[in-house]
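**Q** predicted model follows, preceded by the sequence.
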Amino acid sequence: MNHRRIDRTTGALAFVASFLVIAPMIALLAKVPWSSFMSRLTQHQSISAIQLSLWSSLLAAAISVVLGVPLAWVLARGNKRITSILRPIVLAPIVLPPTVAGMALLALLGRDGLIGRYIYQATGWSMPFTSVAVVVTGVFVGMPFLALIVESNFRHLPVDLEEAAEIDRASTRDIFSLVALPQMRNGITTGAVLAWARALGEFGATMMFAGSLPGRTQTWAMQVYIEMDIDMGSAYTLSAVMLLIAVSVVFALRKPLTQAFTS
């Protein structure tokens with residue numbers, strides 16, 4: 001029986017907690033000028049920012065899958081002494097302040113960065129304040145979410161499948177690609193959607209590393225910030241769509257997320 005009685009004090013605290021989370025979202029939706037919703041959403045500046053955010057976040061999610069799934073496998077099956085150090089480092093962007101994340105990317109890939117200086121000297125090209133920087137930022141902040149989810153799924157992969165593959169003399173690469181990966185479709189999909197949603201909504205790190213150049217690096221979240229000084233109605237409209245996307249993502253993934261963190 002899953003349903004249990006809840007005492008009044010706990011229920012009251014839960015109500016306050018729910019109110020603090022839900023009330024601001026309801027208030028946001030209440031402030032949207034629904035009568036002019038579409039006209040505000042389809043303004044040139046808004047459309048440009050939305051398009052940039054959509055394609056850059058999708059590309060960031062794709063890159064996160066290509067790189068993050070092998071990372072998750074290493075975290076789940078690698079040397080424990082190494083992974084115990086590696087795991088908290090690669091997952092740190094989840095809790096890293098966005099501005100610090102942007103500074104870290106500048107320190108590495110800026111014109112005077114540890115790697116960026118050599119790229120600039122060789123090509124005359126600097127990554128910051130380009131659309132490439134938007135994508136790289138999305139990977140940096142989004143891939144840890146994918147790695148976290150997929151590693152959890154890898155850890156619960158039935159051991160007998162791997163043992164059977166080893167008996168058949170499958171290589172470690174075959175075990176990963178032919179045994180583990182086919183079992184991870186749902187986990188990878190969940191992680192990819194989370195990485196995409198995280199990249200889509202990133203603001204601080206993108207602002208620090210990519211700037212806010214209209215048509216080039218001015219993302220959806222930045223457009224909301226800009227509209228606050230120009231047209232609050234448009235700011236509320238753009239924010240509402242992002243809120244609906246966020247709620248939809250979490251609602252759609254509620255079962256996979258519950259399984260990932262409770263299994």
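**A** That came through fine.

**Q** for the single longest helix found in the chain, buried residues please.
**A** Within the chain, and with DSSP state H defining each element, the longest helix by residue count is helix 44-77. Within helix 44-77, the residues that qualify as buried are 45-46, 48-50, 52-53, 56-61, 63-65, 68-69, 71-77, counting by 16 or more other C-beta atoms under 10 Å. In short, each C-beta sits where N, CA and C put it, glycine included.

**Q** how far is that helix from where the chain is centred?
**A** Centroid displacement of helix 44-77 relative to its chain, using C-alpha atoms, centre = their mean, to the nearest Å, is 7 Å.

**Q** the closest residue to Met184 other than its chain neighbours: how many residues sit nearby?
**A** Once its chain neighbours are removed from consideration, Met184 has its nearest residue in Asn153; the separation is 5.5 Å (C-beta to C-beta, 6 or more residues apart in numbering). Neighbourhood size, Asn153 [other C-beta atoms under 10 Å]: 23.

**Q** contact partners for Asn153?
**A** 72, 183-184, 186-188, 260 (C-beta atoms under 8 Å, 6 or more residues apart in numbering).

**Q** what about 10 Å?
**A** Asn153 is in contact with 72, 76, 180, 183-188, 190-191, 256, 259-260, 263, counting by C-beta atoms under 10 Å, 6 or more residues apart in numbering.

**Q** now Lys80
**A** Lys80 makes contact with Arg87, according to C-beta under 10 Å, 6+ apart.

**Q** tell me the phi and psi of it?
**A** Taking degrees, to the nearest 10, you get phi -60, psi -30 for the backbone angles of Lys80.

**Q** with the one 5 residues further on instead?
**A** Ile85 adopts backbone torsions of phi -90, psi -40, taken as degrees, to the nearest 10.

**Q** quick one on the thing from earlier: now that we have the contacts of Asn153, which of them are buried?
**A** When the contacts of Asn153 are checked for burial by 16+ other C-beta under 10 Å, the buried set is 72, 76, 180, 184, 187-188, 190-191, 256, 260.

**Q** now those as TSV including distance to Phe19, secondary structure and pLDDT?
**A** TSV is the format used below for the buried ones among the contacts of Asn153 (distance: C-beta to C-beta, whole Å; DSSP: H, G, I helix; E, B strand; the rest coil; pLDDT from 0 to 100):
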residue	distance to Phe19	secondary structure	pLDDT
Ala72	36	helix	95
Ala76	39	helix	90
Ala180	43	helix	79
Met184	38	coil	85
Gly187	33	helix	89
Ile188	36	helix	92
Thr190	29	helix	92
Gly191	31	helix	93
Pro256	27	helix	73
Ala260	27	helix	63
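
**Q** quick one: which of the residues you listed is nearest to Tyr118?
**A** For those, the minimum distance to Tyr118 (C-beta to C-beta) is 29.8 Å, reached by Ala72.

**Q** ok, Glu151 touching Leu71?
**A** Yes - with contact defined as C-beta atoms under 10 Å, Glu151 counts as touching Leu71 (8.1 Å).

**Q** thanks again, I'm all set now.
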